[in-house]
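> Need a 3D model of the following:
(one chain, ligands or ions: 1)
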Amino acid sequence: MAATFYKYQGTGNDFVIIDNRALFFPKEDNELVAFLCHRRFGIGADGLILLENDDSFDFRMVYYNSDGKEGSMCGNGGRCIVAFAKFLGIIDEKTEFIAVDGPHFATVTGDVVSLRMQDVTEIIRKPNASYLNTGSPHHVQVISDLKKCNVVKEGSKIRYGIYGEAGSNINFVEQDSEDTFNVRTYERGVEDETLSCGTGVTAVALAMHHLGKLKGNYAHINALGGPLKIEFEHKNDTYSEVQLIGEAKQVFKGEITW
Ligand SMILES: N[C@@H](CCC[C@H](N)C(=O)O)C(=O)O
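Numbers count the residues shown, from 1 in each chain. This is a model prediction of the structure:
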C-alpha cells in the first residue's frame, strides 16, 4: 500500500498528517502508526493525525501518539490539522471541527492558528503540583532550574509512579516574568520529552492562574520549540474561552509504502 503524507510542526511538536477522507487508512493497525512515527525506521513524528469527513463538522481529527495508540486531545496537533484543512481548501479562515474531546473552534491568520480548547472546571492541588484535564491529562510542577531538569527521568518517574499505567503528561514550569513561563513537557504516549505540548502549555497557564502566580487572563509560554500564547476567561471556578495560539507549519510532503 502507498499513501501520500504531509509533515507539519507546531512549535516543534511534529506530526505525520494523512488525508483519510476516502477512509483507506487501516485505523486499527497500531503497529503501522508506530512504524510511520518511528524516527529511524519510518517518517518520524511525535504523533500521527488523520483528517476525515464528518456529517456535522468541517472535518474530524483522529490523533495517535507515536507509540501507535490513539491518544487524547493534542493541542498542537489540533493547530496543525487546521492549517492542513486550510491547505486542502476544506476551510477558509474559520472552522469548527470534531476531535476526541469534543468540538473545537479555530481561526487561521497566515501561519498562526488560534484553537479554542475545552472549558476546565476542576484543578486539583497536589503537593508542589496541580493536576487538570485540558483535553489530555496534565500534571504541572513548578521548579526553580528548568534548564537543569532531567525531564525524561523525572517525568517518567511521576507519570508511572503517581498516575500508573493510564498515566499523565508531566509539565515542568519556571516563571520568567509576570505573564511569561518557561515550560518543558514529558509526553505520555511518546514517553519522551517533546519540544512543545499544546494541551500541556494550556494546563500550565490555567494552573499558574489558579495558584495566583499569573494575575491576568493571558500567558506567554516559552516551549523548547518556540513561543505560544494562552488566553482565557475565568468566572465561577470555570476557565472558558481558552485559546491556544501559535504557528503551525507544513514542513514537507511525501509518499510512503508499507
Ligand atoms: N502533544 C500533544 C499532547 C498529546 C496527547 C498526549 N500525548 C496524550 O495522549 O496524553 C499536545 O500538543 O497537546
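> Which residues does stretch 233-247 contact?
10-11, 75-76, 78-79, 111-121, 134, 198-199, 201-202, 206, 209, 217, 226-232 (CB atoms under 8 Å, 6 or more residues apart in numbering). Yep, even glycine has a C-beta here, placed from its N, CA and C like the rest.
> any chance you could map the helices in the protein?
30-37, 75-88, 151-161, 198-210 (DSSP state H).
> before we move on, the earlier item: narrow the contacts of stretch 233-247 to those that are buried.
10-11, 75-76, 78-79, 113-118, 120, 134, 198-199, 201-202, 206, 209, 226, 228-232 (16 or more other CB atoms under 10 Å).
> In the stretch 1-150 of the chain, what residue spans correspond to strands?
Along the stretch 1-150 of the chain, the segments classed as strands by DSSP state E, counting those that start in this stretch run 2-10, 13-19, 47-52, 60-65, 94-99, 102-109, 112-116, 124-126, 129-133, 137-142.
> For the ligand, give me its nearest residue in the stretch 1-150 of the chain.
residue 71 (3.0 Å; CB to the nearest ligand atom).
> Quick check: beta-bridge partners of the residue lying closest to that residue once chain neighbours are set aside?
Nearest non-adjacent residue to residue 71, counting by CB to CB, 6 or more residues apart in numbering: residue 65, 4.3 Å away. Beta-bridge pairing for residue 65 (DSSP bridges): residue 47.
> So which of the strands of the stretch 1-150 of the chain is the most surrounded?
Neighbour counts (mean count of other CB atoms under 10 Å) averaged over each of the strands of the stretch 1-150 of the chain peak at strand 13-19, with a mean of 25.
> With adjacent residues omitted, what lies nearest to residue 160?
Residue 160 sits nearest to residue 167 (CB to CB, 6+ apart), 6.9 Å away.
> Make sure the one you found is actually in contact with residue 188.
Yes - between residue 167 and residue 188 there is a contact under CB atoms under 8 Å: 4.5 Å.
> what about the two, which has more around it?
Ranked by neighbour count (other CB atoms under 10 Å), residue 167 and residue 188 place residue 188 first, with 25 against 19.
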